[in-house]
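S.K.: What would the 3D arrangement of this be:
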Amino acid sequence: MASAIHCIPVPTPFAVGRVNCYLVDDDPLTLVDAGPNSGTSLTELEAGLAAHGRRVEDLGRIVLTHQHIDHIGLAQILADRSGAEVCALDALAPFLARFGSEMEADDQFSEAVMLRNGIPPDIAIALRAVTQQFRAWGASVTVTRPLAPGDVLPFADRSWRVHHRPGHSPSDTVFHDEASGVLVGGDHLIKHISSNPLISRPLEGGAPEDRPQALITYMSSMAATREMEVDVVLAGHGDPVEDHRALIDERLRLHDRRVAKIGRMLDDGPLSGYEIAQRMWGNVAVTQAYLTLSEVLGHVDLLLERGEAVELAADDDGVVRFARA
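M.R.: Numbering: from 1, shown residues only. Now for the predicted structure:
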């Protein structure tokens, strides 16, 4: 059955490079993920469909793996042209319908997290301006077929079990063809890079001081995926993953090494999340401030969970710091 799933790499404006859209040559004809909202991406997607003798208008179903703009940007345009149903996690549907206001709330949340963890206000403001410009690569989408975890999405010649695997984003969803062992994985597992467990505002909303523990959540999701019988993972970027258990074990070891490194930094005295990021990556902590902060806080959360560190009350500057327990 995997031979009837065709990968169509579509360009994005992001460092991760092309996003993999998957054409499932079954009934209904299905496209998994849609690429960013740009004319170039649409042109290349149309060319990819044409290479397999298909057009946008032939699509009967569009499946979205998660909320990030390089995966959802063209979805509504494709649905309007084809009349295809749009399938996504049920908890994600309200976010996609209110894309503009939800992204604004996300930006406010992220800015508050940055300021609380020591990122200077000028950097936080500059990054928020950048993210506001990036929003144009996304667009609102009406989900016409909400999917609950455990649901089965049927085709003529296969069926997919729906699994919620949050961590990289709150809405990460994977689709398991239990008969063939194919897992359509979105960005849950990527072969050549570690999927970033970004600190994201929960789909139901939340306060920055109660930020989610994205890395701990992601590690739990990976552990659940490790137990699945999977022959190949079709990833949202790059090559397929042939041995998901080996990759997951490697990623867990990487996180353990990073936890130990941050723990040693705290031996020298309390540090904010931003101060830790600067010690680890230098100037990269400025240009990729929220990405590196998410990485640091994820590993600090593991130290807190293990009782190896404590979070100190915010100083007069409103910044929280972490210390050895």
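
S.K.: Please count neighbours and contacts with C-alpha atoms only from this point.
M.R.: Will do.

S.K.: Not counting its own residues, what contacts the helix or strand hosting Q108?
M.R.: For Q108, the host element (DSSP states H and E) is helix 99-116. The contact list for helix 99-116, computed with Cα atoms under 8 Å, 6 or more residues apart in numbering, reads 95, 121, 124-125, 128, 131-132, 135, 139-141, 199-201, 207-209, 211, 290, 293, 318-320.

S.K.: from the middle of its chain, how far away would the helix or strand following that helix be?
M.R.: Reading on from helix 99-116 to the C-terminus, the next helix or strand found by DSSP H and E is helix 121-134. The chain centroid and the centroid of helix 121-134 are separated by 20 Å under Cα atoms, centre = their mean, to the nearest Å.

S.K.: Check which helices and strands whatever helix or strand comes next after helix 121-134 sits against.
M.R.: Going down the chain from helix 121-134, the next helix or strand is strand 145-147, by DSSP H and E. Counting contacts by 3 or more Cα pairs under 8 Å, 6 or more residues apart in numbering; DSSP states H and E, strand 145-147 packs against strand 85-89.

S.K.: neighbouring strands for the strand it packs on, and are they parallel or not?
M.R.: Applying DSSP bridges, strand 85-89 is found paired with strand 61-63 (parallel), strand 145-147 (parallel).

S.K.: Just the pLDDT for A289.
M.R.: Looking at A289, its pLDDT stands at 89.

S.K.: what do you get for A2?
M.R.: 46.

S.K.: repeat for R128
M.R.: Model confidence at R128, given as pLDDT, is 85.

S.K.: now do the one 5 residues further on
M.R.: As predicted, Q133 sits at a pLDDT of 82.

S.K.: what's the burial count for V320?
M.R.: 20 (other Cα atoms under 10 Å).

S.K.: Quick check: chain neighbours aside, which residue is closest to it?
M.R.: Take V320 and drop its neighbours on the chain: the residue closest to it by Cα to Cα, 6 or more residues apart in numbering is A314, 4.2 Å away.

S.K.: Flag the shaky bits of the chain, pLDDT-wise.
M.R.: Low-confidence segments of the chain (pLDDT under 70): 1-3, 285, 287.

S.K.: Tell me how far P166 lies from R54.
M.R.: To R54, P166 is 33 Å away according to Cα to Cα, to the nearest Å.

S.K.: For these two, indicate the residue with more neighbours.
M.R.: P166 (22 against 16).

S.K.: Would you agree that one is in contact with S221?
M.R.: Yes: using Cα atoms under 8 Å, P166 is in contact with S221, at 6.4 Å.

S.K.: Quick check: neighbours shared by these two?
M.R.: Contacts common to P166 and S221, judged by Cα under 8 Å, 6+ apart, are absent.

S.K.: Heading C-terminal from the helix or strand containing I216, find the next helix or strand.
M.R.: For I216, the enclosing helix or strand under DSSP H and E is helix 214-226. Note on helix 214-226: by DSSP H and E, the next helix or strand toward the C-terminus is strand 232-235.

S.K.: elements contacting that following strand?
M.R.: On a contact count with 3+ Cα pairs under 8 Å, 6+ apart, strand 232-235 meets strand 182-186.

S.K.: quick one: strands adjacent to the strand it packs on?
M.R.: Counting by DSSP bridges, the strands paired with strand 182-186 are strand 173-177 (antiparallel), strand 232-235 (parallel).

S.K.: mind listing the helices for this protein?
M.R.: Taking DSSP state H as the test, the helices found in the chain are 39-51, 69-72, 75-82, 93-97, 99-116, 121-134, 214-226, 244-266, 273-281, 284-287, 289-305.

S.K.: Just put the strands paired with strand 85-89 in a markdown table and tack on mean neighbour count and distance to S194.
M.R.: Formatted as a markdown table, the strands paired with strand 85-89 follow (neighbours: other Cα atoms under 10 Å; distance: least, Cα to Cα, whole Å):
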| stretch | mean neighbour count | distance to S194 |
| --- | --- | --- |
| strand 61-63 | 25 | 23 |
| strand 145-147 | 18 | 27 |
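
S.K.: Sounds good, over and out.
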